[in-house]
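Trainee: Take this sequence and fold it.
(chains A, B and C)
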Amino acid sequence: MANAETRFSRVSRPAPEREGCEGGGTPVIAECIGLTKLFGGVRAVSHLSFKVDEGEILGLIGPNGAGKTTVFNLLTGFYRPTSGSMLFRGRDLAGLAPPAIVGLGIARTFQNIRLFSNLTVLDNVRSVLYRHAPYGFAQALIRSPRVRRDERRVREKALEYLEEVGLAGRAYDRASHLPYGLQRKLELARALALEPVLLLLDEPAAGMNPEESMSLVGLIDHLRRKHNLTIILIEHHMDVVMSLSHRIVVMNFGEKLMEGSPEEVQTDVRVIEAYLGEEYASAYRR
Amino acid sequence: MYIQGVLTVAMINIISATGLAVFTGFTGLFSLGHAAFMAVGAYTSAILTYFLGVPYVLALVAGVLASSVVAALVGYPTLRTRLRGDYFAIATIGMGEATRVILENLKITQGARGLPGISQYTTLPVAAVAAAIVLALARNMLASVYGRNAVAVREDAVAAEMSGIHLLRTRMISLVFSAGCAGLAGGLYAHYLAFIQPVMFTMVQSTQITAAVVCGGTGSLTGPALAAFVFTVAPELLRAAHMWRLVIYGLMLVLIMVFRPQGLMGYRDLSWSTFSTLAARIRRRTPHGKR
Amino acid sequence: MLLQTTITGLAIGGIYALMAVGYSLVFSILNFSNFAHGSVIMLGAYAGYFVLTRAGAPFPVAIAGSMLAGAVIGVANERLAYKPLRVRNARPLYFMISAMGVAIFLENLVYATLGAHFYSYPEVLGRSIVRIGEASIGVLDLFALAFSSVAITGLHLFLQRTKSGLAIRACSFDMTVASVFGIRLDRVVGLVFAIAGALAGLSGVFLGMKYMAYPTMGWITNKAYVAAVIGGLGSLPGAVVGGIALGLLETFVSVYVSSIIRDVFSFSALVLVLLAMPNGLMGKYVEEKI
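Mentor: Now for the predicted structure:
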């Protein structure tokens, strides 16, 4: 993001309250311990440890190349970690294939939108509703009444998810014909259709103007409450991160630079240094 | 009689093209050896009726099963890798060669001389009914979760996998269905010609099927079926020399990839979803439509 | 017998490696299986034959001529059949289909114009035989082995030591990034196809001398694809290892088992290698960026 830095304005909005966390006993839903990923000699992620509490939105920020997307690729089983472990509801994810991880309840969106672009908006969501179509192959071949019934349900479900992100009206458009912002929302709908517990959003507001991104903030928060989601959010739009996140992990050069509340992160010299360079940081110190 | 023969072959080619359309047009994988699956189906069913006196329909089913099994054996090691459709394509070349060598050297297939005197059970009505059934099954499959998974894998294997769709399983299902169709086509072909020989099932045959699917259109069933029909009938009408026909097929493949990669009826007009809505529309228009 | 079989196997393996390297080089850049490579080899064999017989040129000229012809055909092939796809960023499937189309087109064009006639090379090297101990080894085999080693070593040095070689390696790593750094893609891709074509021409001459030139000889070159996959797609050392391994395997099977089922063996080897090592013998696990 070219102008990510300029968007680094200090936003002081109270973090949205979290329901379901009484006292200090919030259950940890996911945890990375000493997570490391090497590409050749390059440390994309290095000894990264953090926890995600149930029901929270955890912001994951850092300059370009800090290794944020690699964390998502590790969590979803696209890459295998070089070392370290990832726990999800107490289960080690390392070595699981992506479909198994989706089955456990982790879904994601992509930084560079990856839709099924030759399909309609509706079919993009229908494509992932296989859980609602559990009939066998022989039944599919003869299109038995059961298949028809399941397929009707799949269709209704898909339209429901489109409704939630405000795309129901464009159900029959080709996905690639949607404007950029709506493609992001379609990806969100497709991820939601997987009925995840933990949702990984990779720059959902990228390419959106300030108005669009603020409406996205409302949508994400609404979806989180409605579906009891836990969210890890990678985002360069600081106003989006700061207003959505309960906690923020800052990464730099593959390592965790710091972790804290949005307020703490915004005033931390190390973070400013990482984003804007030494000079700005010293100016800030003065 | 002659016209009936041409039409029978056209129906048979529609069946194999439909199978390949599912694999290439809808699942996005390439095969250079579908003729080998036809060969397996042809020889299996022909041997069953010729030597063992098995009923025709049962023999056809056995041919379908045999080619599906062969496909599964070739597909499993080669379709596992996420983004390497090339492995399977190359393996099918090898499989084509291996099949030919095996057929030419087995006793029961009578080697390169081939099997003469197979009963001529395949008539035009038989072939036409078989083609209609295969088209209907393919349409049903594509309108089901299995077809949707296949299309998702074709569109973006990474996004599909990250959405929980098993790549290998999805590709294997398409392949086995596709090879089953080829096996059926082979069985019908053997019992139409009453004579089969290993050289009938080589690259030339595979090329013709591929050309029909590519020209007919990716992500379309009717396109490839139509193209298979035209590609069978047109050369007969034009009496084109065999090799020039292939020269033209080759040129057509390149030109289509360069100028209109989605083929004549690319997925835009007849994707699996629009297909079902189209079918619904047709059904509405003709109340006494298919029963 | 053992020594003789080994050297024959190495010679055939050398030709396979030569073919596989050209194919793998293209794969490493454009990420698709260039099935037209075999047809370029076939045309190279014809070119060598005609230079030798019709022009009556000496053997080195024939080799140079067929390498040149291969390079020109390779580049023309890319510009006409792949570049339009490359420009619009088409999926690998479309490249494969286009390549297949080129292969079918060229092969049958030769068939239709020159006929199915087998052109047998004049005996430039004679059928002379070198005796090493018990083994009698054809001069042709030795020549083939020497030429393939030289060509492959030359290619290796070119890729490692020259600026153009560096550009090719950069593109095989990441084409987009390479173009951002000012590498001209068209030129690099053209160069790659010229090199692959020249190697194809060279291997065509040796194949022609060994098995004669005929339209469908491109299908011998299927072995090149098999070899490249066994070695690890897109890896040049892999192509060499795969080619030599396949050549040895086939020769030993022909001699000690049966020459008829040789192809069944190579195919089974392919399937077995992929079962055990999904990325081939030397292929590194390539992780796609998302």
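
Trainee: Can you classify residue A:257 by secondary structure?
Mentor: With DSSP: H, G, I helix; E, B strand; the rest coil as the basis, residue A:257 sits in strand.

Trainee: so where does residue A:30 fall, helix or strand?
Mentor: Following DSSP states H and E, one finds residue A:30 within strand A:28-39.

Trainee: For that strand, C-alpha coordinates in PDB please.
Mentor: The C-alpha coordinates for strand A:28-39 follow below in PDB (Å, rounded to 0.1, in the frame of the first residue of the first chain):
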ATOM      1  CA  VAL A  28      -7.600 -18.800  24.300                       C
ATOM      2  CA  ILE A  29      -8.800 -20.100  20.900                       C
ATOM      3  CA  ALA A  30      -5.600 -20.000  18.900                       C
ATOM      4  CA  GLU A  31      -1.900 -19.700  19.800                       C
ATOM      5  CA  CYS A  32       1.300 -19.500  17.900                       C
ATOM      6  CA  ILE A  33       4.400 -20.600  19.800                       C
ATOM      7  CA  GLY A  34       7.900 -19.800  18.400                       C
ATOM      8  CA  LEU A  35       6.500 -20.000  14.900                       C
ATOM      9  CA  THR A  36       9.300 -19.800  12.300                       C
ATOM     10  CA  LYS A  37       9.300 -20.100   8.500                       C
ATOM     11  CA  LEU A  38      12.400 -20.000   6.400                       C
ATOM     12  CA  PHE A  39      12.500 -19.600   2.700                       C
END
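
Trainee: Partner strands of it and their direction?
Mentor: strand A:42-53 (antiparallel), strand A:83-88 (antiparallel) (DSSP bridges).

Trainee: out of those strands, nearest to residue A:253?
Mentor: Residue A:253 lies closest, by CB to CB, to one member of the strands paired with strand A:28-39: strand A:42-53, at 7.4 Å. All C-beta atoms are positioned from the backbone trio N, CA, C, and that covers glycine.

Trainee: quick check: mean pLDDT across that closest one?
Mentor: Strand A:42-53 comes out with an average pLDDT of 93.

Trainee: List the contacts of residue C:108.
Mentor: B:243-244, B:246-247, B:250, C:215 (CB atoms under 8 Å, 6 or more residues apart in numbering or on different chains).

Trainee: now the helices for chain B?
Mentor: B:2-20, B:34-52, B:56-78, B:85-105, B:124-142, B:145-155, B:157-162, B:167-193, B:203-216, B:222-238, B:242-259, B:267-270, B:272-285 (DSSP state H).

Trainee: any chance of those in a markdown table, plus distance to chain A, mean pLDDT and mean neighbour count?
Mentor: Listed next are these as a markdown table, based on distance: least, CB to the nearest CB, whole Å; pLDDT from 0 to 100; neighbours: other CB atoms under 10 Å in any protein chain shown:
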| stretch | distance to chain A | mean pLDDT | mean neighbour count |
| --- | --- | --- | --- |
| helix B:2-20 | 13 | 94 | 23 |
| helix B:34-52 | 18 | 95 | 27 |
| helix B:56-78 | 12 | 95 | 21 |
| helix B:85-105 | 17 | 86 | 23 |
| helix B:124-142 | 4 | 96 | 19 |
| helix B:145-155 | 4 | 95 | 26 |
| helix B:157-162 | 4 | 93 | 24 |
| helix B:167-193 | 7 | 96 | 27 |
| helix B:203-216 | 16 | 87 | 26 |
| helix B:222-238 | 15 | 88 | 20 |
| helix B:242-259 | 16 | 87 | 19 |
| helix B:267-270 | 5 | 49 | 18 |
| helix B:272-285 | 5 | 59 | 14 |
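
Trainee: Point me to the residue of the stretch 151-286 of chain A nearest chain C.
Mentor: Distances between the stretch 151-286 of chain A and chain C by CB to the nearest CB are smallest at residue A:202, namely 9.2 Å.

Trainee: In this structure that residue contacts residue A:111, no?
Mentor: Yes: using CB atoms under 8 Å, residue A:202 is in contact with residue A:111, at 4.3 Å.

Trainee: Need the residues touching each of these two.
Mentor: A:69, A:234.

Trainee: the more surrounded of these two?
Mentor: residue A:202 (23 against 16; other CB atoms under 10 Å in any protein chain shown).

Trainee: How about the contacts made by the more buried one?
Mentor: Here residue A:202 is in contact with A:68-69, A:72, A:108-111, A:234 (criterion: CB under 8 Å, 6+ apart).

Trainee: mind pulling up the phi and psi values for it?
Mentor: Dihedral pair for residue A:202: phi -100, psi 100, per degrees, to the nearest 10.

Trainee: For it, give me the pLDDT.
Mentor: 95.

Trainee: can you pull up the bridge partners for it?
Mentor: residue A:234.
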